[in-house]
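In: build me a model:
(one chain, ligands or ions: 1)
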Amino acid sequence: MNRSDRLETLVGGAQFDVCSYSAGMTSGYSGRSPLRFIYRAALPGGGTTPLFKVLLTNVCVNDCAYCANQSGRDCPRFAFQPDELAKLFMELHAKRLVKGLFLSSGIAGSASRTQEKMVNVVEILRQRYEFKGYIHLKILPGAPFDCVEAGCRLADRVSLNMEAPTAHHLARLSSKKNLHQGIVERMRWIKQVMSNNEGLVRSGQTTQFVVGAAGETDRDILHTTSALYNELELRRVYFSAFSPVWRSPLEDHSPTSPHREHRLYQVDWLLRVYRFSPQEIELALGEKGNLPITKDPKLLIAQRQPWLFPVDVNRASYDELLRVPGIGPVSASRIIEARKGHSISSVEQLKKMQVVTKRATPFIWFQGMLPSEKQATFLPQLDEEVLPQTPVLAGCLT
Ligand code: SF4
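Out: Residues are numbered from 1 along each chain as shown. Below you'll find the predicted structure:
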């Protein structure tokens, strides 16, 4: 099999791994263009960067039901040798087609042997080719500590996919994976290596959930997400809406709506950036434990706590401002900065500070605010869904 055919398969097989919010974006090229192998990953500060996202092999001993590479699936299987893959990456890099590598793999034989080869690819890039750019290395479930540590010393980002939020849900997807020993234990090792060696893995540790494959609720996912941020200090959790793979055990399973994935990302943002508590997030969930597809979760959380509003924009703390729909970290900081010089006394001033006033005005107040500026008063929508009585998100991983 020639190199191009192997590339097609091993780049295609890597598409199920999410490495950024927009990692599903391909370059848009097809046919014989080498650009079809390139993914554009979103950067934290905005913009994207071209990554070569590839599997070392699509051979796998595991049977994850959602995955195109699972052992029982009848499909062509290929592998690269470490030095061959490193050389190929450097060719793409020399042509300025890619700036970084995202390396994942199926588990060929054993996790330790496969992880060793993956680390070897990165070693060759760093040592033989002196490549200093971005490398995201996937850590395999069951990989030994020395390989995990070596990977952390070489890569900018490492990730280990959890795929399902509880052991019970993971068991529905795979008869081989063990959530606590195979996955969470390795995540703890990564945290330990990072905290013992300042400056390693500068882009942090991440994970991914396949959303909707195991019948889990958004509450299950957000419960574990919250614990991953708080206990294991993950940099990011990614969500990938389940999409059935042809000739896999879940090929007849309905795909998950991308709107569900989008709502999970919105709440992830509230947890991670706005520092909403798990109890506040709980307010956005319906009685079946899912986020309403048709409603913005931040708006819903505000509507369900009417006693907190309206907030006085001239006196409210940063955290109080952040809870107002239409006010984000940038506009909250601008409001606080502007107040040092003068009071805020018009909607126009707020617009200039990037407040989305159409959303914010029902929730804010300032001296001299005109009744017409308040727009429609919001009504708490307590009748739509029963509020949960006991917050359950503040759990832990063990
Ligand atoms: S371990 Fe599971 S998800 Fe990963 S390649 Fe193998 S079958 Fe796919």
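In: and Gly47, what pLDDT?
Out: On the pLDDT scale, Gly47 is placed at 79.
In: now do it against Arg40, distance only.
Out: Per CB to CB, to the nearest Å, Gly47 is found 9 Å from Arg40. C-beta here means a position set from N, CA and C on the backbone, and glycine is covered the same way.
In: those two - which one has more neighbours?
Out: Legend: neighbour count by other CB atoms under 10 Å for Gly47 and Arg40, higher for Arg40 (19 against 8).
In: surely the more buried one meets Pro50?
Out: Yes: using CB atoms under 8 Å, Arg40 is in contact with Pro50, at 5.8 Å.
In: excluding chain neighbours, give the residue nearest to Ala68 in space.
Out: If the residues on either side of it in the chain are set aside, Ala68 comes closest to Val245, at 4.7 Å by CB to CB, 6 or more residues apart in numbering.
In: so who does the one you found touch?
Out: Tyr66, Cys67, Ala68, Arg73, Glu251 (CB atoms under 8 Å, 6 or more residues apart in numbering).
In: just those that are near the ligand?
Out: When those are checked against the ligand using CB under 6 Å from any ligand atom, the ones in range are Cys67.
In: and the gap between Leu140 and the ligand?
Out: 7 Å (CB to the nearest ligand atom, to the nearest Å).
In: and that residue, how many residues sit next to it?
Out: Neighbours of Leu140 (other CB under 10 Å): 26.
In: before we move on, what about the one 4 residues further on?
Out: Neighbour count for Pro144, taken as other CB under 10 Å: 17.
In: this protein: strands as residue ranges?
Out: Applying DSSP state E to the chain gives strands spanning 38-42, 48-55, 100-104, 134-138, 157-159, 205-211, 236-241, 311-312, 364-365.
In: those strands into JSON lines, with extra columns for distance to the ligand?
Out: Formatted as JSON lines, the strands of the chain follow (distance: least, CB to the nearest ligand atom, whole Å):
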{"stretch": "strand 38-42", "distance to the ligand": "17"}
{"stretch": "strand 48-55", "distance to the ligand": "8"}
{"stretch": "strand 100-104", "distance to the ligand": "8"}
{"stretch": "strand 134-138", "distance to the ligand": "9"}
{"stretch": "strand 157-159", "distance to the ligand": "12"}
{"stretch": "strand 205-211", "distance to the ligand": "9"}
{"stretch": "strand 236-241", "distance to the ligand": "11"}
{"stretch": "strand 311-312", "distance to the ligand": "46"}
{"stretch": "strand 364-365", "distance to the ligand": "47"}
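In: ranked by average pLDDT, which of these falls at the bottom?
Out: The bottom spot among those, by mean pLDDT, belongs to strand 38-42, with a mean of 82.
In: elements contacting that one?
Out: Judged by 3 or more CB pairs under 8 Å, 6 or more residues apart in numbering; DSSP states H and E, the packing partners of strand 38-42 are strand 48-55, strand 100-104.
In: and of those, who's closest to Glu261?
Out: strand 48-55 (18.5 Å; CB to CB).
In: what strands flank that closest one, and is each parallel or antiparallel?
Out: Note on strand 48-55: by DSSP bridges, its sheet partners are strand 38-42 (antiparallel), strand 100-104 (parallel).
In: most packed of the ones you listed?
Out: strand 100-104 (a mean of 25; mean count of other CB atoms under 10 Å).
In: from Arg334, how far off is Gly341?
Out: 12 Å.
In: which one's more surrounded, the two?
Out: Using other CB under 10 Å, the more surrounded residue of Gly341 and Arg334 is Arg334, with 18 against 6.
In: wait, the more buried one touches Met353, no?
Out: Yes: between Arg334 and Met353 there is a contact at 3.9 Å, judged by CB under 8 Å.
In: residues of the stretch 51-200 of the chain that sit close to the ligand?
Out: By CB under 6 Å from any ligand atom, the part of the stretch 51-200 of the chain that sits against the ligand consists of Cys60, Asn62, Cys64, Cys67, Asn69, Gln70, Gly106, Ile107.
In: quick one: which of those residues has the most company?
Out: Cys64 (27 neighbours).
In: for that one, what are its contacts?
Out: When contacts are taken as CB under 8 Å, 6+ apart, Cys64 is in contact with Gln70, Glu163, Leu173, Ser174, Lys177.
In: count the neighbours of the nearest residue to it once chain neighbours are set aside for me.
Out: Nearest residue to Cys64 in three dimensions, chain neighbours excluded: Ser174, at 4.6 Å (CB to CB, 6+ apart). When neighbours are counted by other CB under 10 Å, Ser174 registers 21.
In: tell me the pLDDT of Ser174.
Out: 96.
In: you'd agree it is up against Asp63?
Out: Yes: Ser174 is in contact with Asp63 according to CB under 8 Å; the separation is 5.9 Å.
In: residue in the stretch 251-398 of the chain with the shortest distance to the ligand?
Out: Going by CB to the nearest ligand atom, the ligand is nearest to Glu251 of the stretch 251-398 of the chain, at 14.8 Å.
In: for that residue, give me the backbone phi and psi.
Out: phi -60, psi -20 (degrees, to the nearest 10).
In: distance of it relative to Glu373?
Out: In terms of CB to CB, Glu251 sits 54 Å off from Glu373.
In: of these two, which one has the most company?
Out: Glu373 (16 against 12).
In: what's near enough to touch the residue nearest to the more buried one when sequence neighbours are not counted?
Out: Closest residue to Glu373 apart from its sequence neighbours, by CB to CB, 6+ apart: Val347 at 5.1 Å. Counting by CB under 8 Å, 6+ apart, Val347 touches Thr357, Thr361, Met369, Glu373.
In: among these, which lie within helices?
Out: Thr357, Glu373 (DSSP state H).
In: by neighbours, which of the contacts of Val347 wins?
Out: When the contacts of Val347 are compared by neighbour count (other CB under 10 Å), Thr361 ends up highest, at 24 neighbours.
In: quick one, what contacts the residue of the stretch 251-398 of the chain closest to the ligand?
Out: Here Glu251 is in contact with Pro244, Val245 (CB under 8 Å, 6+ apart).
In: could you export stretch 139-156 as PDB, CA atoms only?
Out: Output of stretch 139-156 as PDB, limited to C-alpha atoms (Å, rounded to 0.1, in the frame of the first residue of the first chain):
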ATOM      1  CA  ILE A 139      -2.100   9.300  25.800                       C
ATOM      2  CA  LEU A 140      -3.600   5.800  25.500                       C
ATOM      3  CA  PRO A 141      -5.800   4.200  28.100                       C
ATOM      4  CA  GLY A 142      -3.600   1.700  30.000                       C
ATOM      5  CA  ALA A 143      -0.300   3.400  28.900                       C
ATOM      6  CA  PRO A 144       2.500   2.800  31.500                       C
ATOM      7  CA  PHE A 145       3.800   5.600  33.700                       C
ATOM      8  CA  ASP A 146       7.200   5.900  32.100                       C
ATOM      9  CA  CYS A 147       5.700   6.500  28.600                       C
ATOM     10  CA  VAL A 148       3.200   9.000  30.100                       C
ATOM     11  CA  GLU A 149       6.000  10.900  31.700                       C
ATOM     12  CA  ALA A 150       8.200  10.800  28.600                       C
ATOM     13  CA  GLY A 151       5.200  12.100  26.500                       C
ATOM     14  CA  CYS A 152       4.700  15.000  29.000                       C
ATOM     15  CA  ARG A 153       8.400  16.000  28.700                       C
ATOM     16  CA  LEU A 154       8.100  16.200  24.900                       C
ATOM     17  CA  ALA A 155       4.600  17.400  24.000                       C
ATOM     18  CA  ASP A 156       2.900  20.800  24.400                       C
END
